[in-house]
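Visitor: sequence below, structure please.
(2 chains)
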Amino acid sequence: MKYQTQKVALYYFVGALVLFLAQVTFGALAGAVYVWPNLLAEALPFNIIRMIHTNSLIVWLLMGFMGAAYYLVPEEAETEIYSPLIAKIQFWLFLFGGAAAIVGYIMGVHGGREFLEQPLWIKLAIVGVMLMFLFNLSMTVLKGRKTAVSMIMIVGLWMVALLFLFAFYNPVNLVLDKIFWWFVVHLWVEGVWELIMASILAFLMIKMTGVDREIVEKWLYLIVSLALFTGLLGTGHHYYWIGTPGYWQWIGSVFSTLEVAPFFAMVLFTFYMVWKGGRKHPNNAAILWALGCSVFAFFGAGVWGFLHTLANVNYFTHGTQVTAAHGHLAFYGAYVMVNLAIMTYAIPKLLGREPYNQMLNMWGFWITSSGVAFMTFTLTFAGVIQAHVQRFLGESYMDVQDQMMFFYQLRLGSGVVVVIGAFIVVYSLLVPGRETQRVKSSAQTQPAE
Amino acid sequence: MNERLSISAARNIFYGGTIFFAVIFVGLVINSVNYATDPETSNVEELNEKVALGKEVWERHSCINCHSLLGEGAYFAPELGNVWTRRGGEDDAEGASDYIKEWMKAQPTGIEGRRQMPQFNLSDEELNGLVEFFKWTNGINTQNWPPNEEG
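Guide: Purely as a prediction, here's the structure:
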C-alpha cells in the first residue's frame, strides 16, 4: 500500500466478504428446499430465499469491485483518493441499502422483476451511492496519472451505473420489459463487468509478475475489445423466444459463441504473464486465485455458455437446469474469483502485513472450487434430463422434477462443501492471527530507535 | 504481444470498435421495439388495464423467483408463459380461467414431499387480472417456443 487513503478499500472488502457468507448460506438453504420441499414453506418461501441469494451476490460483488477500485486507482493514478470521507459515507449507505433490502424481502416488501426486486427507494439510493462513488473515483483519476488499467475500470463502472437506469423502466408490454431488462442483466455480466474484471486482473499481473506495463495494457485492450465486440450483439441469445424478431437467432448464435474468445484470451494472458514474469511473488494464494479465475471463467462463462447458446440447442434447454449450471460456474469463475483474488492480494497490504494464512486460503480455494465444479456437473446432468424428458418427450414439469431428485441431492451436498470452503476463505482473509509473524516482522523491519 | 501494435492504436480499436458494435446493436433493438409494438407483428392491441393489473400482481408477489415466464425465472416451479394453452384456454376459456383461479385459492397444498406455493390471498379482481396477463403472454409470438405445451 503506497497511499494512506487506499485504506478505505478495507471497509468494502470486509462488507463484501460478510455478504458472501450470507449469499452462500442462503444458496445452500435454497438447495435444501429442493430436497425437502416442505422446509420453511410458510415462514420463508422459496422465492424469498432465492432473491436473498441472488441479491446478496450482486451487492457483494459490486461492493468488492468498489473496494478494488479504491485500492487500485490511487496506485495507478499515483495520488490519494479525492475524498476518503465520501468513500466511507458511501460504503455505509450502500451496506444499509443492501441490508434494508434483505430485511424488506423477509418481511414481504419487494418488487417483482428478477434480480431487480429492490423497492423504488432502494433503487434510487443505489443510484445515489453510485454517483458518489463515480464522482470520487473520477476526481481522483483526473488529478493523477491516467493509465489504461484505471481508465478501463472507470469506463466499466460508469457503464454499470448508466445501464442500471434501465431498471427504472418497466413497461406494461412484457416483450419491451424483457428487452430492456436484459440491458441491465446481460450488458452487465456479459459486457461491462468484464471490463472491471479484466482491469483487476491486469493490475494484479503488473504487481505480481513484474511484466512490463505496456505489454499488460495491450493485452488488456485486446481482452476488453473482444468482450464488447462479441458481448453487445451477443445479447441476441436472450432475444430468441421473448417476442422479438427471428433474426436474433442468427445474430445471437454467432456473436454469443464468439463470447468465448475474451475468456480464452484471459486464460492465455494470465498464464503467459505469470510464466513470462518468472519472478516469485510471495503471495502464492493471490496468484492461485488470479489463475483460477481465468480458468473457471473460461469454463463457466465460455464453455458452459456455449453449451446452450446456439438457437437450435437453446430451443430445448432454455429455462432448464442447464441455465442454472452455467449461471453458477460463470458467476463463481468470473466475478467471485476475481474479487477473492484482489482481496487476497490487497488485504495483507492494507493491514501492513506480509501475506498470511496462505495454506488455509489455498485450501479454501480448492474446497470452494471443487464444490462449485461438482454442483455445476450435477445441475448439467439434471438439465439434460429435463430438456430430454420434458421438452422432447413432453412429460409434465413436476413429474420430470421428481426424476431429477438424485441430482438435487448431490447438488445440496456440493453446496454444503461450497459453504465450508467460503467460510475457510473468509476466515483466512479476515483473521490474520498475531504473535509469530508480528514478532518476526518487527524484528526484521523496524530499526531500533 | 505484437510490438508493431502501439498502445494508442489498441485503445482506438477498443473505443472505435465498441461504438461500431453499439450502433448496430441499438439499431436492431429499435427495430425489435417496433416489431413488438406493431399490431401487424405482435398482440400489442390486446393489451388492456386488466393485463396491466395482472402484471403488477405477478411482480408484487415475485412469482418469477419460483416460476419461469418465457423461460426466464427461477426454474423451481412450472413455466407459465404458455399456461393458458396447457390448461386448455384456447378451447375453453372459462374452464381454464376457473382452473387457474381455483388453483391459486387452494394453495398451499401442504402435501408432504411436494413443493409448496404460498397463499397470496388475491382479490377476485386481482385473480382476473392475473388470468388476463397469462392469456396475453400466451399470445406473444415466441418463434414457437416452448417445444410442447408442458413448457
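
Visitor: CA only for contacts and neighbour counts going forward, please
Guide: OK.

Visitor: ok so residue A:385 is a strand residue?
Guide: No. Membership of residue A:385 in a strand is not supported by DSSP: H, G, I helix; E, B strand; the rest coil, which gives helix.

Visitor: what's the helix or strand for the residue of chain B found nearest chain A?
Guide: For chain B and chain A, the shortest gap (C-alpha to the nearest C-alpha) falls at residue B:59, measuring 3.6 Å. For residue B:59, the element it lies in under DSSP states H and E is helix B:49-60.

Visitor: mind saving the C-alpha coords of that helix as PDB?
Guide: The C-alpha trace of helix B:49-60 is given here as PDB (Å, rounded to 0.1, in the frame of the first residue of the first chain):
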ATOM      1  CA  GLU B  49     -55.800  -2.500 -18.000                       C
ATOM      2  CA  LYS B  50     -56.600  -6.000 -16.700                       C
ATOM      3  CA  VAL B  51     -53.400  -7.300 -18.200                       C
ATOM      4  CA  ALA B  52     -51.500  -4.400 -16.600                       C
ATOM      5  CA  LEU B  53     -53.100  -5.200 -13.200                       C
ATOM      6  CA  GLY B  54     -52.200  -8.900 -13.700                       C
ATOM      7  CA  LYS B  55     -48.500  -8.000 -14.500                       C
ATOM      8  CA  GLU B  56     -48.500  -5.800 -11.400                       C
ATOM      9  CA  VAL B  57     -49.800  -8.700  -9.200                       C
ATOM     10  CA  TRP B  58     -47.300 -11.000 -10.800                       C
ATOM     11  CA  GLU B  59     -44.500  -8.600  -9.900                       C
ATOM     12  CA  ARG B  60     -45.700  -7.700  -6.400                       C
END
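
Visitor: show me the contact partners of that helix.
Guide: A:110-113, A:172, B:64, B:126-133, B:136 (C-alpha atoms under 8 Å, 6 or more residues apart in numbering or on different chains).

Visitor: and the helices in chain B, which stretches?
Guide: B:7-37, B:49-60, B:83-86, B:93-105, B:124-138 (DSSP state H).

Visitor: of all the ones you listed, which lies closest to residue A:341?
Guide: helix B:7-37 (25.6 Å; C-alpha to C-alpha).

Visitor: and the closest one, what does it pack onto?
Guide: Judged by 3 or more C-alpha pairs under 8 Å, 6 or more residues apart in numbering or on different chains; DSSP states H and E, the packing partners of helix B:7-37 are helix A:174-187, helix A:213-234.

Visitor: need the next SSE after the shortest one, C-terminal direction.
Guide: Heading C-terminal from helix A:174-187, the first helix or strand you meet, by DSSP H and E, is helix A:193-209.

Visitor: what packs against that next one?
Guide: Looks like helix A:193-209 contacts helix A:46-77, helix A:148-164, helix A:213-234, helix A:260-277, helix A:284-297, helix A:337-350 (3+ C-alpha pairs under 8 Å, 6+ apart).

Visitor: hmm, 7 Å instead?
Guide: helix A:148-164, helix A:213-234, helix A:260-277 (3 or more C-alpha pairs under 7 Å, 6 or more residues apart in numbering or on different chains; DSSP states H and E).

Visitor: could you export those as CSV, including distance to residue B:143 and mean pLDDT?
Guide: Below are these laid out as CSV (distance: least, C-alpha to C-alpha, whole Å; pLDDT from 0 to 100):
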stretch, distance to residue B:143, mean pLDDT
helix A:148-164, 28, 97
helix A:213-234, 19, 97
helix A:260-277, 26, 96
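
Visitor: packed most tightly, which of those helices would that be?
Guide: Among these, the stretch with the highest mean neighbour count (mean count of other C-alpha atoms under 10 Å in any protein chain shown) is helix A:213-234, at a mean of 24.

Visitor: which residues touch the most centrally placed residue in chain A?
Guide: Relative to the mean C-alpha position of chain A, the nearest C-alpha, by C-alpha atoms, centre = their mean, is the one of residue A:335, at 2.5 Å. By C-alpha atoms under 7 Å, 6 or more residues apart in numbering or on different chains, the residues touching residue A:335 are A:61, A:197.

Visitor: list the contacts for residue B:71?
Guide: Contacts of residue B:71 (C-alpha under 7 Å, 6+ apart): A:318-319, B:79.

Visitor: of those, buried ones?
Guide: A:318-319, B:79 (16 or more other C-alpha atoms under 10 Å in any protein chain shown).

Visitor: hmm, back to that, may I see the buried residues of the helix holding residue B:59?
Guide: Those would be B:50-60, for helix B:49-60 by 16+ other C-alpha under 10 Å.

Visitor: redo those residues as TSV? Include pLDDT.
Guide: TSV is the format used below for the buried residues of helix B:49-60 (pLDDT from 0 to 100):
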residue	pLDDT
B:50	97
B:51	97
B:52	97
B:53	98
B:54	97
B:55	98
B:56	97
B:57	97
B:58	97
B:59	96
B:60	95
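
Visitor: hmm, which two among these are most spread apart?
Guide: So, the buried residues of helix B:49-60 by C-alpha to C-alpha: farthest apart are B:50 and B:60, at 15.1 Å.

Visitor: for residue A:119, give me the pLDDT.
Guide: Turning to residue A:119, the model gives it a pLDDT of 94.

Visitor: contacts only, for it.
Guide: With C-alpha under 7 Å, 6+ apart, residue A:119 has these contacts: A:110-111.

Visitor: against residue A:108, how distant is it?
Guide: According to C-alpha to C-alpha, to the nearest Å, residue A:119 and residue A:108 sit 11 Å apart.

Visitor: cool, and residue A:364?
Guide: For residue A:364 relative to residue A:108 (C-alpha to C-alpha), the value is 35 Å.

Visitor: the more surrounded of these two?
Guide: residue A:364 (23 against 14; other C-alpha atoms under 10 Å in any protein chain shown).

Visitor: surely that one touches residue A:421?
Guide: Yes. Counting by C-alpha atoms under 7 Å, residue A:421 is a contact partner of residue A:364 at 4.8 Å.

Visitor: where does residue A:246 land in three-state SS?
Guide: Following three-state DSSP, we place residue A:246 in the coil state.

Visitor: from chain B, how far off is residue A:307?
Guide: Residue A:307 sits 17 Å away from chain B, going by C-alpha to the nearest C-alpha, to the nearest Å.

Visitor: for the residue lying closest to residue A:149 once chain neighbours are set aside, the count of nearby residues, please.
Guide: Distances taken as C-alpha to C-alpha, 6 or more residues apart in numbering or on different chains place residue A:199 nearest to residue A:149, at 5.2 Å, with adjacent residues excluded. Neighbour count for residue A:199, taken as other C-alpha under 10 Å: 28.

Visitor: cool, and residue B:20?
Guide: If you count neighbours by other C-alpha under 10 Å, residue B:20 ends up with 12.

Visitor: and it, how close does it get to residue B:27?
Guide: In terms of C-alpha to C-alpha, residue B:20 sits 11 Å off from residue B:27.
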